[in-house]
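# Please work out how this folds:
(2 chains)
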Amino acid sequence: MSCTEVNPGASVESVLVTTDSCENFEQMSSSLEEIKNYVGKSPEVSDSSTSVDNLEESNSLNAVGSDDDYIRSKDWLEKKKHIFVLSSAGKPIYSRYGIEDKLVTMFGVMQALVSFVQDQNDTINCIHAGSTKYVFLNKNHLILVAISKTEESVPQLVSQLNYVFNQIASILTLTRLNKIYEQRRNYDLRRLLSGVERIIDHLLNFYEIEPALTLGAVQCLSLPPSIRDTISSAITQACSKIKNLVFAILLANNKLITLVRMKKYAIHPADLHLIFNLVQASESFKTVESWTPLCLPRFDASGFLYGHVSYLAEDCQACLLLLTVERDVFFTLSEAKHKIVEKMRRANCLEAINESLNSTDGTCLNAGFPELRHYIYKSKSTAQFHQPEISAPYINNTERLLMLYKRAHRRLHSVGRPLKLLFERSPQEAVLAWDTRGFELYVILEPLIETSAAIASVGKLLNWIKKREDKLFHLNAPTF
Amino acid sequence: MVNGMATGESSMDDEVFEVDGCRNLEVDGGHQRTTPSPTGYRDYKPPDEVLRLCETDHLDDTEYLVHKTILLGDSGVGKTSLLVKFDTGRFQSGNFSATVGIGFTNKVVNVDQTRVKLQIWDTAGQERFRSVTHAYYRDAHALLLLYDVTNKTSFDNIRAWLGEIREYAQDDVVIMLLGNKADAGVERAVRREEGERLAREYNVAFMETSAKSGQNVDLAFLAIARELKYRQSGQKDENRFNVQEYIHEKLTQHDSKPQQCPPCNT
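Numbers count the residues shown, from 1 in each chain, chains lettered A, B, ... in the order given. Take a look at the predicted model:
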């Protein structure tokens, strides 16, 4: 192919951290302490000690009797993918389906499996039983388990478990989580996580419908570059004098509009996904201006950022988050938000956002690629991806489309035998996947297409994206 | 004033907030000056009493008194629903969505020809948000403490909440205890008398409310606004205004209507 030189959407500087693997916190990109110290302020401990006094009881043992019936219920057994979280002492914390209390015995078994292997100074990763995979992720004090009959690979399941763990850390901070269990191994964590089940449920569904999480990248709302720059500068101007503001994030419909950051700091896509998920899962943000603590585990798992969260306006459903390390600057940020909206309104940015949100002409066909059904292009250096509108025959079958992408992704990134290029033809469609240094490309084509024609149109597609890269991607990395 | 905002970015405390209130006042004042004099004489301003007489609801030139009110109580007792009902008049059933952190709403109400701006903080009930919400207790003028009459635990926790309030809030904060979801029939787990008794014990105002039926929702907020207004304007003469008596009076006024919540005896 002649077009390896073309590398659309690449950028020297990225708003997003572009490391792979969502696994550990060892490579934290930055620290809250650093930001605070930089401004010469004494760091505050952002941890509520009140709760420690009344760590009491757990009524997980109340549910006796029909436990077995429950586990054997057809409905429950037929679920394709179960996700469980338990403490290392075996206390139930979360189950995707059903009530944890009724599954106590099963949680016991899971804990036993993990500790049995641990006794031999080893770690259990997964068990394959027929088409069912049992995947374990052992974090310091928590055990996360996925039991899946889906096609997803073990690394893909581990990545989901990591997301769940990060979600929990995002609510409590890792430091607090560790502290709680160091003080009481037997603690019932559900007490601190009430209301979070919904967010975790949403996250798991999110993983199933959004390619973003599998890809470890973020999609941007396509906007004329001048509009995106105007928005960014509206934010920069309104916030330039506010100390300790770390990130300003504007998003709509799970797409990033812009991200302005403090110098030196970037945000990890996995953290951004948690933010997207939180915004989408929380109806309450829609009605009022909110102020919420939020830990971004990949950014700094030890403490909270505080977020001013609000939608821009009744007539523009884009959500603005202003994240700071100060815990009591709600009104400063509220003021800044109003200034930002005013500026954006004067520059007609709200209309531009709405127009892009409502447009439906972004299909492959409209772009002049009748032989392509759908594609995903991920630019590695910016951790951003682009996909067209979903068109026939996948409009009512996005699951299948996503399954094709997951399968292709799995094969490119297979641990044992990673592929650079994949072309696969089935009676339904042809799939081409290509992994280069600069990008990953996944294309779904008509099943009868010639190989040479497929390669030619992929080349054409890359040039097409290249031409529009400043519209489809967030290439500047503006700072305050 | 604008400078104050731009440079005072260190932290937003009470002071800066009051400045915000003043600004409204200034802007409104300016507005007043540009309107033609009602008498037709330049620069003639009728005495205040006369002006007050011609005040109507849609005049913008009345002064704002701004007060901070916080909604507190366990998760799921209906704090957000109560606020949404008061703010918009709507009740969304079956749409449970926990508040994340703190939500912020401004609402202007009329109390005896004065516009009182209530700045209402709706807090998340979950324990993990306590450290964030505590920071806002300090500046609050009034606290609406809710429990759910169908949930005994939420009622039992009221004492703990009152303890926290004592610890973190100002001493003279106005507290009102509300038993929400009063429309619940057989599911009720806390009798009204129990709520009354607890309120009397702690010497706070009490009523039962229902965000669903709208029962006492406006009354709760208006009583708070009224109390705050009288306190602010220095008429904090004990006999002059008393929330409990006011509520009592209001509730008895409507005796003709079938009342789910009979007047409280204070």
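
# Next up, phi/psi of the residue nearest the centre of chain A, please.
If you average the C-alpha coordinates of chain A and look for the closest C-alpha using C-alpha atoms, centre = their mean, you land on A:H273, 2.5 Å from that point. For A:H273, the backbone dihedrals (degrees, to the nearest 10) come out as phi -60, psi -40.

# what's near enough to touch it?
A:163, A:206, A:212-213, A:218 (C-beta atoms under 8 Å, 6 or more residues apart in numbering or on different chains). C-betas here are computed from N, CA, C, even on glycine.

# Ok, A:I275 next?
Contact partners of A:I275, counting by C-beta under 8 Å, 6+ apart, are A:249, A:251, A:294, A:296, A:321.

# So which of the contacts of A:H273 belong to strands?
Taking DSSP state E as the definition of strands, these contribute A:V218.

# from the contacts of A:H273, which is closest to A:I455?
Within those, distances to A:I455 taken as C-beta to C-beta reach their minimum at A:A212, with 26.9 Å.

# you'd agree that closest one is up against A:L203?
No. Contact between A:A212 and A:L203 fails when scored by C-beta atoms under 8 Å: they sit 12.0 Å apart.

# any chance you could map the helices in the stretch 101-250 of chain A?
Remark: helices assigned in the stretch 101-250 of chain A by DSSP state H, counting those that start in this stretch are A:104-119, A:154-172, A:174-183, A:196-209, A:211-215, A:225-239.

# My error: substitute the stretch 351-480 of chain A in the last question.
With DSSP H, counting those that start in this stretch as the criterion, the stretch 351-480 of chain A has helices spanning A:398-412, A:451-467, A:469-472.

# Can you say which of those is packed in most?
For these, ranked by mean neighbour count under the definition mean count of other C-beta atoms under 10 Å in any protein chain shown, the leader is helix A:469-472 at a mean of 21.

# Which positions in chain A make contact with chain B?
Residues of chain A found near chain B, taking C-beta under 8 Å from any C-beta of the partner chain as the criterion, are A:46-48, A:50-51, A:171-172, A:191-195, A:198, A:241-243, A:278, A:282-285, A:287-293, A:306-307, A:309, A:326-332, A:334-335.

# Strands - which of the residues you listed land there?
Among these, the ones falling in strands (DSSP E) are A:289-293, A:306-307, A:309.

# which one among the residues you listed gets closest to chain B?
The closest of those to chain B turns out to be A:T292 (C-beta to the nearest C-beta; 2.7 Å).

# distance of the closest one from B:Y136?
For A:T292, the distance to B:Y136 equals 13 Å [C-beta to C-beta, to the nearest Å].

# between these two, who's got more neighbours?
A:T292 (24 against 19; other C-beta atoms under 10 Å in any protein chain shown).

# still on that earlier bit, what would the helices of the stretch 351-480 of chain A look like in TSV with distance to B:E193 and mean pLDDT?
Putting the helices of the stretch 351-480 of chain A into TSV (distance: least, C-beta to C-beta, whole Å; pLDDT from 0 to 100) gives the following:
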stretch	distance to B:E193	mean pLDDT
helix A:398-412	56	92
helix A:451-467	71	93
helix A:469-472	65	92
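
# anything in contact with each of A:T292 and B:Y136?
With contacts defined as C-beta under 8 Å, 6+ apart, the residues shared by A:T292 and B:Y136 are B:I102.

# number of nearby residues for the residue in the stretch 351-480 of chain A positioned nearest to chain B?
Distances between the stretch 351-480 of chain A and chain B by C-beta to the nearest C-beta are smallest at A:F480, namely 12.5 Å. Residues contacting A:F480 under the criterion other C-beta under 10 Å number 19.

# Ok, A:N354 next?
By the measure other C-beta under 10 Å, the count of residues near A:N354 is 15.

# In contact with the residue lying closest to A:L422 once chain neighbours are set aside, which residues?
Spatial nearest neighbour of A:L422, excluding adjacent residues (C-beta to C-beta, 6 or more residues apart in numbering or on different chains): A:A433 at 4.3 Å. Shown here is A:A433, whose contacts under the criterion C-beta under 8 Å, 6+ apart are A:408-409, A:411-412, A:419, A:421-422, A:440-443.

# try A:L441
A:375-378, A:432-434, A:458, A:461-462.

# Distance check, it against A:K471.
A:L441 sits at a distance of 18 Å from A:K471 (criterion: C-beta to C-beta).

# for B:K79, same thing?
On the measure of C-beta to C-beta, B:K79 and A:K471 end up 44 Å apart.

# Then A:N254?
Remark: distance between A:N254 and A:K471 (C-beta to C-beta) = 18 Å.

# Strands of chain B, start to end?
B:64-73, B:102-111, B:114-123, B:142-148, B:174-180, B:205-208.

# For the ones you listed, please prepare TSV with the additional fields distance to chain A, mean neighbour count and mean pLDDT.
Shown next, in TSV, are the strands of chain B (distance: least, C-beta to the nearest C-beta, whole Å; neighbours: other C-beta atoms under 10 Å in any protein chain shown; pLDDT from 0 to 100):
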stretch	distance to chain A	mean neighbour count	mean pLDDT
strand B:64-73	11	22	86
strand B:102-111	4	18	88
strand B:114-123	7	22	88
strand B:142-148	14	25	94
strand B:174-180	17	25	93
strand B:205-208	24	25	91
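
# Now do the contacts for the nearest residue to A:F439 once chain neighbours are set aside.
Closest residue in space to A:F439, ignoring its immediate chain neighbours: A:S379 at 5.3 Å, by C-beta to C-beta, 6+ apart. Applying C-beta under 8 Å, 6+ apart, one finds that A:S379 lies in contact with A:7-11, A:217, A:385, A:438-439, A:473.
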